[in-house]
Structure formats: C-alpha cells, structure tokens
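Engineer: sharing a model that was predicted from the sequence below.
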Amino acid sequence: MKVKTLISILEGMDADADVYVMMQQHLPWECTLAGVAVRKDFADDDTADNQRAHTQAGTAPNDVFLVEGEQVRRGDKAAWGTARRG
C-alpha cells in the first residue's frame, strides 16, 4: 500500500477515533499504534544485521512503517475480510 492510498482511506474515517493495529491473522490481536517510522530514520544503525536488512532488494529509504505498540486484547479474524485496501 502507498502512503497516498492510506491517507485516502483514513480521510473517510472519524478523525477522533483511536487507531489500533490488527496483527497476526491466524491468532489475531488488537495492538496500539506506537507511531510511524521511515526506514532512513533507523537505517543509521551500523550493526551487521541491520546493514543487511537495509540493503535487501525491494527496500527503499522512504519506506514507511506503522509501528506496533502494546497488545490490548484478542482480535477478530473478520477484520481481514473487511479491510479497506483502496
């Protein structure tokens, strides 16, 4: 999904609603959203493992990540069937 697609989907939502991440389709959990990160912001970590991760094919410095926060409660598998995909 592209940022512009996500923005378009979110424009139709209640601006005061809480945002959660529904993760793990097999055993779903609702999680808080810790924040948003851009690959170039954390790519400065120079450990060998991180350098390999940042140079993998298909990655770009401007990749955007919605960072998972804390697990809040069990989720619902139906979320994947009703997810708006733009």
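Structural biologist: Sure, I can see it. As the structure is a computational prediction, the values presented were derived from the model and not from experiment.

Engineer: would you point out the helix or strand in the chain whose mean pLDDT is lowest?
Structural biologist: Ranked by mean pLDDT, DSSP states H and E, the weakest helix or strand in the chain is helix 48-54, scoring a mean of 56.

Engineer: in this structure, mark out all the helices, start to finish.
Structural biologist: In the chain, the helices defined using DSSP state H lie at 3-11, 39-42, 48-54, 78-82.

Engineer: which one of those has the poorest average confidence?
Structural biologist: Sorting the helices of the chain by mean pLDDT places helix 48-54 lowest, at a mean of 56.

Engineer: just want the most central residue of the protein.
Structural biologist: The residue lying closest to the centre of the chain (CA atoms, centre = their mean) is residue 66, at 3.0 Å.

Engineer: in the sheet, who's paired with that residue?
Structural biologist: residue 36 (DSSP bridges).

Engineer: so what's it up against?
Structural biologist: Applying CB atoms under 8 Å, 6 or more residues apart in numbering, one finds that residue 66 lies in contact with 21, 33, 36. For glycine as for every other residue, the C-beta is placed from the backbone atoms N, C-alpha and C.

Engineer: now, which of those residues sits nearest residue 15?
Structural biologist: For those, the minimum distance to residue 15 (CB to CB) is 14.8 Å, reached by residue 33.

Engineer: neighbours around the residue lying closest to that closest one once chain neighbours are set aside, how many?
Structural biologist: Of all residues not flanking residue 33 in the chain, residue 19 sits nearest, at 4.8 Å (CB to CB, 6 or more residues apart in numbering). As a burial measure, residue 19 scores 10 neighbours (other CB atoms under 10 Å).

Engineer: i'd like the first residue to be 22 from this point on
Structural biologist: I'll keep to 22 as the first residue from here, and by that count the last item is residue 40.

Engineer: for residue 41, which non-adjacent residue is closest in space?
Structural biologist: Residue 41's closest residue in space is residue 51 (CB to CB, 6+ apart), at 4.8 Å.
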